[in-house]
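[1] Let me see the structure of the following:
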Amino acid sequence: MSNQIHLQVNGETRNCASPTALPELLQQLGFNLRLIAVEYNGEILHRQFWTETQIKNGDRLEVVTIVGGG
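    This is a model prediction of the structure:
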């Protein structure tokens with residue numbers, strides 16, 4: 001049985017099931033994983049650690065979309 005947890009994503013309160021891995025949450029929120037950078041609780045989280053990062057109650061995420069152009 002999953003519990004609901006609360007977190008902040010780009011300043012907005014969101015809910016998700018616990019446990020949820022970071023990539024799963026990002027996909028649920030509609031982000032293209034190849035085109036984003038993630039700050040997790042105030043620290044830039046390198047992509048190699050995304051799969052092992054489990055979202056916890058009270059986490060804060062800032063997700064930035066990478067945009068090309070000039």
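
[2] quick one: pLDDT of the closest residue in space to Leu61 that isn't next to it in sequence?
    Take Leu61 and drop its neighbours on the chain: the residue closest to it by C-beta to C-beta, 6 or more residues apart in numbering is Val9, 4.9 Å away. The way it works is simple: take the backbone N, C-alpha and C, and place the C-beta from them, glycine included. Here the pLDDT value assigned to Val9 is 98.

[3] And the one 10 residues further on, by the same measure?
    Note on Pro19: pLDDT of 91.

[4] picking up where we left off before, distance-wise, check the residue nearest to Leu61 relative to Leu22.
    Per C-beta to C-beta, to the nearest Å, Val9 is found 11 Å from Leu22.

[5] Contact partners for Trp50?
    Ala21, Leu22, Pro23, Leu33, Val38 (C-beta atoms under 8 Å, 6 or more residues apart in numbering).

[6] actually Thr53, sorry about that
    Thr53 sits in contact with Ala21, Leu22, Tyr40, Leu45, where contact means C-beta under 8 Å, 6+ apart.

[7] Drop anything exposed from these.
    Burial by neighbour count, judged by 16 or more other C-beta atoms under 10 Å, picks out Leu22, Tyr40 from these.

[8] Closest to Ile55 out of the contacts of Thr53?
    Among these, Leu22 lies closest to Ile55 (C-beta to C-beta), at 6.3 Å.

[9] Find me whatever residue is spatially closest to the closest one, sequence neighbours aside.
    Using C-beta to C-beta, 6+ apart, the closest residue to Leu22 is Thr53 (4.2 Å).
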